[in-house]
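*Asks:* sequence plus the predicted model coming up.
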Amino acid sequence: MDETAIFPPHKIIGVAVIWNDQGQILIARRRPEGPMGGLWEFPGGKIEPGETIEECIKREISEELGIEIEVGEHLIAVDHTYTHLRVTLRVHHCRCLQGIPQPIECDEVRWVSLHELEQFAFPKANANIIKALQKACEV
């Protein structure tokens with residue numbers, strides 16, 4: 001069966017929840033002209049053939065933000081269908097090793113606390129990531 005015949009198309013996305021030493025999480029705002037433009041997201045991108053999720057996340061973060069990260073523990077996998085796209089988000093905790101995040105392929109980047117996440121508009125699929133983070137960080 002031709003992959004183009006499948007609708008909506010399915011993409012597997014490696015997603016990074018990047019923590020800094022102050023316990024903040026890095027979020028990025030999508031460019032306004034793209035799909036779901038202007039919404040905030042946890043950075044990441046589409047897995048390439050032959051790549052592991054960890055390799056995908058490291059590559060995407062380097063390309064999109066210009067930083068080197070360590071990919072850590074798996075947090076959650078989220079399956080979500082939008083009208084135009086079905087995604088599987090494979091989310092990992094990550095740590096910034098080197099560099100200062102730059103908005104290379106996004107509009108803006110920001111370090112925020114876990115509690116501040118709810119103040120930002122995210123794509124619907126990200127709600128499950130935020131809930132998983134809140135649950136994992138309960139004291």
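*Replies:* Yes, it's here.
*Asks:* pull the residues that contact the lengthiest helix in the chain.
*Replies:* Longest helix in the chain, counting residues (DSSP state H): helix 53-65. By C-beta atoms under 8 Å, 6 or more residues apart in numbering, the surrounding residues in contact with helix 53-65 are 12, 14-16, 18, 26, 28, 43-48, 51, 67-69, 71, 90, 92, 94, 99, 101-106, 109. Any C-beta I mention is one placed from the backbone N, CA and C, and that applies to glycine too.
*Asks:* and the angle from the very next helix or strand once past that helix to helix 53-65?
*Replies:* Note on helix 53-65: by DSSP states H and E, the next helix or strand toward the C-terminus is strand 68-81. Per axes from the mean of the first three to the mean of the last three C-alpha atoms, to 10 degrees, the angle that strand 68-81 makes with helix 53-65 is 100 degrees.
*Asks:* low-scoring pLDDT stretches of this structure, where are they?
*Replies:* 1-6, 139 (pLDDT under 70).
*Asks:* rewinding a little: now do the buried residues in the longest helix of the chain.
*Replies:* Neighbour counts over helix 53-65 (16 or more other C-beta atoms under 10 Å) mark Ile53, Glu54, Cys56, Ile57, Lys58, Arg59, Glu60, Ile61, Glu64, Leu65 as buried.
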